[in-house]
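>>> Sequence and predicted model, in that order:
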Protein chains: 2
Amino acid sequence: MTTPGRTYDWPRPAVTVDVALFTVRGSLSALRLQVLLMRRGEKPFRGKWALPGGFVREDEDLAEAARRELAEETGVTEASLEQTAAVGTPGRDPRGHTVTVVYVGLVAPDRHHLEPSGDSAAARWFDVAGPEPLPPLAFDHASLLGAALAHLRRRVGEAPVCFDLLPEEFTLSELQALLEAILGRPLDRRNFRRRVQELGFLRAAEGTRREGAHRPARLYRFAREEFERHAARARALPF
Amino acid sequence: MTTPGRTYDWPRPAVTVDVALFTVRGSLSALRLQVLLMRRGEKPFRGKWALPGGFVREDEDLAEAARRELAEETGVTEASLEQTAAVGTPGRDPRGHTVTVVYVGLVAPDRHHLEPSGDSAAARWFDVAGPEPLPPLAFDHASLLGAALAHLRRRVGEAPVCFDLLPEEFTLSELQALLEAILGRPLDRRNFRRRVQELGFLRAAEGTRREGAHRPARLYRFAREEFERHAARARALPF
DNA sequence: TGACTTCGTGTGGAGTCAACACTATCGTGA
DNA sequence: TCACGATAGTGTTGACTCCACACGAAGTCA
């Protein structure tokens, strides 16, 4: 903030945003955490997979740029994004000095259609932890992805981000399976149920869900107003 | 990361770094947390106080830019900086669209001399929480400062950042006073002493420090090698 | 030598956390 | 229709962690 003149005309680093967008997919008993990658259609790294993202436009907010790039490249429009970090290591982009701001987001698997468009040849979901490893990524995106995933896992216990991934009414088993998929480890069922119910922003809904040859499950809704009221109580969930 | 051509020539946002540098100053019984501000010598906001910072140069790493700007503007060279967040709200800089990456750091009050130079008219330490409030800050720096302080307070229990602020040998009372100043609240003395000693990377040094008409205090050193070995044990201190 | 100041130390009670197993309810198929 | 399989739903206990709290020790100074 110390330029002598009115404007600053020296060579500037470029500014990009990259989005690590996660979803969960699969049957309740085998939910898999997935990340959205795009196959690059242009140089550099043509043909390699990368996080969706792109250049920030003049007079565009960072979060807005992240949303725009995500929508343009993948058709995903309704994702709540959170900033992870900014990275500007020289040499990370062969086209020139580039500072990227990484965002992380979560979307429901059924609330979006992949519509790769424009200069993006293809967009695909990849299992984060599966039998086959992620493909090699362009730029330093492997490292960005790792940081984004760590951020998501730290964050998912602190805020009700995950309720966006569930239908309006859901069962506690669904909620638990969702968190297990994100965290990548199993949770104790009784402890889990006790805690989330003590939080006080789950409202029992009418009816149950019959979904197989077994006892039906109670349905719940996320009571957003209760959550906002008792935001003080919403200290980190110990997951 | 989707430019069609080799380079990207559209108007770019400028990239700056800003540093919220904190120190503690005062007598042991009344340490005050202070932040380093500069009085701007140029438009815009000439005459207002602001965080030190400036434009990132071509092919310069973000952290390196933060260190350079800090050194150029204030003469402070040995500060370990940590990234807080990136902010790029349109309109936050009247000169044009500017994305800033905020760093937070801590320095010992006696290990630096303020050497405002170049285009900086003045640099001064201000009490963060004192009888007189901070002056109005340029740009959105008040908000950046708040976020940086929150980051520091979250972080100070997780890593031994604060040992940089102490002399080679220090007493537990000094360490406690330091943390109290940073956190802005008192800590229970016995709990504090028990915890830090259980961490296992304080090594008792020879001798004591006589500093008044009372019982002298044992001296300790920070055993960095022990810390690195038992980094696993270095889970968050419950401060 | 008495007063003052900070140093240094341990326990008990409350709350939190993880581990753990059985009954309830439904569908299915013999 | 009855036995089986599969998931839903529910409490307790022990270990650990956290916080609150008070008094003797060791030095200086008047």
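Noted; the coordinates are in hand.
>>> Run through the bridge partners of A:Gln34.
In this entry, A:Gln34 is beta-bridged to A:Thr23, A:Asp127, by DSSP bridges.
>>> For A:Glu169, list the residues it contacts.
Going by Cβ atoms under 8 Å, 6 or more residues apart in numbering or on different chains, A:Glu169 touches A:Ala205, A:Arg209, A:Leu219, A:Tyr220, A:Arg221. Heads up, the C-betas are built off the backbone N, CA and C, glycines and all.
>>> Could you pull out the strands in chain A for me?
A:14-25, A:32-40, A:49-50, A:53-55, A:80-87, A:98-106, A:120-127, A:202-209, A:217-222 (DSSP state E).
>>> just those strands: most buried one?
Greatest average neighbour count among these goes to strand A:98-106 (a mean of 26), per mean count of other Cβ atoms under 10 Å in any protein chain shown.
>>> residues in contact with the most centrally placed residue in chain A?
Nearest to the mean C-alpha position of chain A, counting by Cα atoms, centre = their mean, stands A:Gly105 at 2.3 Å. Going by Cβ under 8 Å, 6+ apart, A:Gly105 touches A:Val19, A:Ala20, A:Leu21, A:Phe22, A:Leu70, A:Ala79, A:Ser80, A:Leu81, A:Glu82.
>>> What separation do you get for the nearest residue in space to the last one that is not next to it in sequence and B:Arg46?
Of all residues not flanking A:Glu82 in the chain, A:Val104 sits nearest, at 5.6 Å (Cβ to Cβ, 6 or more residues apart in numbering or on different chains). Distance, A:Val104 to B:Arg46, by Cβ to Cβ, to the nearest Å: 39 Å.
>>> same check, this time on A:Gly88
From A:Gly88 to B:Arg46 the distance is 29 Å (Cβ to Cβ).
>>> got it, and A:Arg210?
71 Å.
>>> what's the answer for A:Gly53, then?
A:Gly53 is 37 Å from B:Arg46, by Cβ to Cβ.
>>> picking up where we left off before, worst average pLDDT in the strands of chain A?
Note on the strands of chain A: strand A:120-127 shows the lowest mean pLDDT, a mean of 83.
>>> got the contact list for that one?
Residues from elsewhere that reach strand A:120-127 (Cβ under 8 Å, 6+ apart): A:23, A:25, A:32-41, A:49, A:52, A:73-75, A:114, A:116, A:134-135, B:2.
>>> show me which of those neighbour DNA strand D.
The subset of the contacts of strand A:120-127 within reach of DNA strand D, by Cβ under 7 Å from any atom of the strand, is empty.
>>> how about the helices of chain A, start to end?
A:62-74, A:141-155, A:172-183, A:189-199, A:224-229 (DSSP state H).
>>> just those helices: most buried one?
Most buried of the helices of chain A by mean neighbour count (mean count of other Cβ under 10 Å) is helix A:62-74; its value is a mean of 22.
>>> any idea how far that one is from the chain center?
Mean-position distance between helix A:62-74 and its chain equals 13 Å (Cα atoms, centre = their mean, to the nearest Å).
>>> Equivalent analysis for stretch A:155-162, please.
11 Å.
>>> Which residues does stretch A:211-224 contact?
A:160, A:163, A:166, A:168-173, A:175, A:201-210.
>>> give me that answer again for 10 Å
The set of residues external to stretch A:211-224 that reach it, using Cβ atoms under 10 Å, 6 or more residues apart in numbering or on different chains, is A:28, A:160, A:162-164, A:166-175, A:196-197, A:199-210, A:229-230.
>>> Get me the contact residues on chain A for DNA strand D.
Counting by Cβ under 7 Å from any atom of the strand, chain A comes close to DNA strand D at A:29, A:171-173, A:189-191, A:193-194, A:208, A:212-218.
>>> for chain A, what are the low-confidence residue spans?
Across chain A, the ranges flagged by pLDDT under 70 are A:1-9, A:111-121, A:231-236.
>>> What's the separation between the closest residue to A:Leu36 other than its chain neighbours and A:Gly47?
Closest residue to A:Leu36 apart from its sequence neighbours, by Cβ to Cβ, 6+ apart: A:Leu21 at 4.3 Å. Note on A:Leu21: its distance to A:Gly47, by Cβ to Cβ, is 21 Å.
>>> ditto for A:Tyr220
45 Å.
>>> What residue, apart from its backbone neighbours, is nearest A:Pro216 spatially?
A:Pro216 sits nearest to A:Thr208 (Cβ to Cβ, 6+ apart), 3.9 Å away.
>>> Quick check: bridge partners of that neighbour?
Applying DSSP bridges to A:Thr208 gives these bridge partners: A:Arg218.
>>> for A:Val101, same thing?
A:Val17, A:Ala86.
>>> from what I can see it touches A:Glu69, true?
No. Contact between A:Val101 and A:Glu69 fails when scored by Cβ atoms under 10 Å: they sit 11.1 Å apart.
>>> Mutual contacts of those two, please.
A:Thr16, A:Val17, A:Asp18, A:Val19, A:Gly53, A:Val56.
>>> Tell me which two of these sit farthest apart.
The most widely separated members of the shared contacts of A:Val101 and A:Glu69, counting by Cβ to Cβ, are A:Val19 and A:Val56 (12.4 Å).
>>> Spit out the residues that contact those two alike.
Both A:Val19 and A:Val56 are contacted by A:Ala65, A:Ala66, A:Glu69, A:Val101, under the criterion Cβ under 10 Å, 6+ apart.
>>> so which of the residues you listed comes closest to chain B?
Of all these, chain B sits closest to A:Val101, with 4.8 Å by Cβ to the nearest Cβ.
>>> Distance check, A:Leu163 against DNA strand C.
No, residue A:163 isn't Leu; it's Phe. 21 Å (Cβ to the nearest atom of the strand, to the nearest Å).
>>> same check, this time on A:Arg12
46 Å.
>>> again, but for A:Pro135
The spacing between A:Pro135 and DNA strand C, counted by Cβ to the nearest atom of the strand, is 34 Å.
>>> Excluding chain neighbours, give the residue nearest to that residue in space.
Nearest non-adjacent residue to A:Pro135, counting by Cβ to Cβ, 6+ apart: A:Trp49, 4.8 Å away.
>>> next one: A:Ala65
Nearest residue to A:Ala65, sequence neighbours excluded (Cβ to Cβ, 6+ apart): A:Val56, at 4.3 Å.
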